[in-house]
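[1] Dropping the sequence and predicted coords here.
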Amino acid sequence: MDTANRLTIAFVIDYYRGPNAGTERQLHLMAEGLRRAGIGVRLVVFRHSEYTASGAFPAPLQVLGVGRVASPRSWLRVFRWAQKARSEGVSVVHVFFNDPALFVPACLAAAGLPCVVARRDMGFWYTPLRLMLLRRMQPFVSRLVANSKAVAEHCGSAEGYAPEKRTVIPNAVARLDLPSRGPNRGAFTIGLVANIRPIKRISDAIRALSVLVADDRQIRLRVIGGGDASELLALAARLDVADRVEFPGPTNDVGGALADFDVALMCSESEGLSNAIMEYMQAGLPVIATDTGGNAELVTQDETGFLYPVGDIERLATSLARIHDTPDLAASLGAEGARRIREGFSVDRIVTAYASLYGDIARGNGAPPLKKVEPRQQAD
């Protein structure tokens, strides 16, 4: 391929833990898909993780050794890297995560490189100082890419991005290895995939479970994810459902874990576009989720599952009871969700959208005309 007429994208992120976390998983899928499409990809991190040190990321990697955002040395290192990257043919830089968004766009603009910034949540990490810095970075950004309409609109109001500078490209879902669901799997299982953090409101699931158990339903809750479950186990004991709650920890076999669920939950008080919900739907599970962020862009009431207001335990318990008591409805909700994920959120579809966006931005920055880039056949 003629490298002078080739898109090359640099992903900049402060720390890449590994391909199983939400944003990191999307970066991994995008790197694989873009490279299959003939587009150059680089990963640039501020500092190494055990995963990046292993060399397992599917693209060339560079470590900048950047420390504090407020340090002039950090700004200088990013600027010098950007100058070199531009001379080496990098077309567009895509910036991920909170700290890089606070200063990297200005460094890129000074070096003459166009910048795309990612937003994948509803700004739960905002502070007055961070918002001030983000607003000051906004003029240096070519395009803000959000993974849901809710996130894009929130960034417009909070950070000052005009509609023409906002693009919505949802997350991609890689094909899961889904084992067959056996007919005799034991008690009805409510499943939840999330790391144990207050924002995930896993305690709401335990409280709803206690309501269902009080009505003599044979039911249990299984939470897949990392973190300290001691407080949640103590809550389950106080509600007399400790024997119905399981915390097996994180897993690399998401498909195998989902095969044990009968219904899947997302209880968070804030979400951008939940990878977990998309995997639930791909697995053919009915989904019950809080009506926050981009959840309503995935879960359609009475079509793919049920939505409920954040913290409304009674509504959550009622929705769970309806799924438990009407298996035919549960099956139809799950089937419709699987169809929507299959048709609208494939890796190839999302890679095509990003390739088009990057090409438009590169041409607008004076790059030569580019041939239309289409991803090759995905080989999941």
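    All right, it came through fine.

[2] For stretch 317-327, list every residue counted as buried.
    317-321, 323-324 (16 or more other CB atoms under 10 Å). In short, each C-beta sits where N, CA and C put it, glycine included.

[3] pretty sure residue 324 contacts residue 189?
    No: using CB atoms under 8 Å, residue 324 is not in contact with residue 189, being 10.4 Å away.

[4] sec struct for the residue lying farthest from the centre of the chain, please.
    Using CA atoms, centre = their mean, the residue of the chain lying farthest from its centre is residue 216. It sits 36.7 Å away. Here residue 216 is coil, with the state taken from DSSP: H, G, I helix; E, B strand; the rest coil.

[5] now, which of the buried residues of stretch 317-327 sits nearest residue 124?
    Here the nearest of the buried residues of stretch 317-327 to residue 124, counting by CB to CB, is residue 319; it sits at 24.5 Å.

[6] if I read this right, that closest one contacts residue 308, doesn't it?
    Yes: counting by CB under 8 Å, residue 319 does reach residue 308; the two are 6.0 Å apart.

[7] Between the two, which contacts overlap?
    residue 288 (CB atoms under 8 Å, 6 or more residues apart in numbering).

[8] picking that back up, now do the residue farthest from the centre of the chain against residue 326, distance only.
    Distance, residue 216 to residue 326, using CB to CB, to the nearest Å: 17 Å.

[9] same deal with residue 176?
    Distance from residue 176 to residue 326, by CB to CB: 26 Å.

[10] cool, and residue 82?
    Taking CB to CB as the measure, residue 82 falls 57 Å from residue 326.

[11] Repeat that for residue 202.
    Distance of residue 202 to residue 326, given as CB to CB: 25 Å.

[12] cool, and residue 249?
    Applying CB to CB to residue 249 and residue 326 gives a distance of 32 Å.

[13] Kindly report the same for residue 140.
    Computed as CB to CB, the residue 140 to residue 326 distance reads 53 Å.

[14] just residue 218 next, same as before
    16 Å.

[15] same question, residue 294
    27 Å.

[16] Which residue comes closest to residue 172 once chain neighbours are left out?
    Leaving aside its sequence neighbours, residue 172 sits nearest to residue 350 (CB to CB, 6 or more residues apart in numbering; 3.8 Å).

[17] and residue 90, how many neighbours does it have?
    23 (other CB atoms under 10 Å).

[18] and it, helix, strand or coil?
    coil.

[19] Make 13 the first number, not 1, from now on.
    Sounds good: first residue 13 from here, last item residue 102.

[20] Next up, the contacts around it.
    With CB under 8 Å, 6+ apart, residue 102 has these contacts: 20-22, 54, 125.

[21] Let's see that with 10 Å instead.
    19-22, 52, 54, 56, 93-94, 96, 120, 123, 125-126, 374 (CB atoms under 10 Å, 6 or more residues apart in numbering).

[22] The stretch 13-162 of the chain: helices as residue ranges?
    34-48, 62-65, 84-99, 110-113, 116-123, 140-149, 161-171 (DSSP state H, counting those that start in this stretch).
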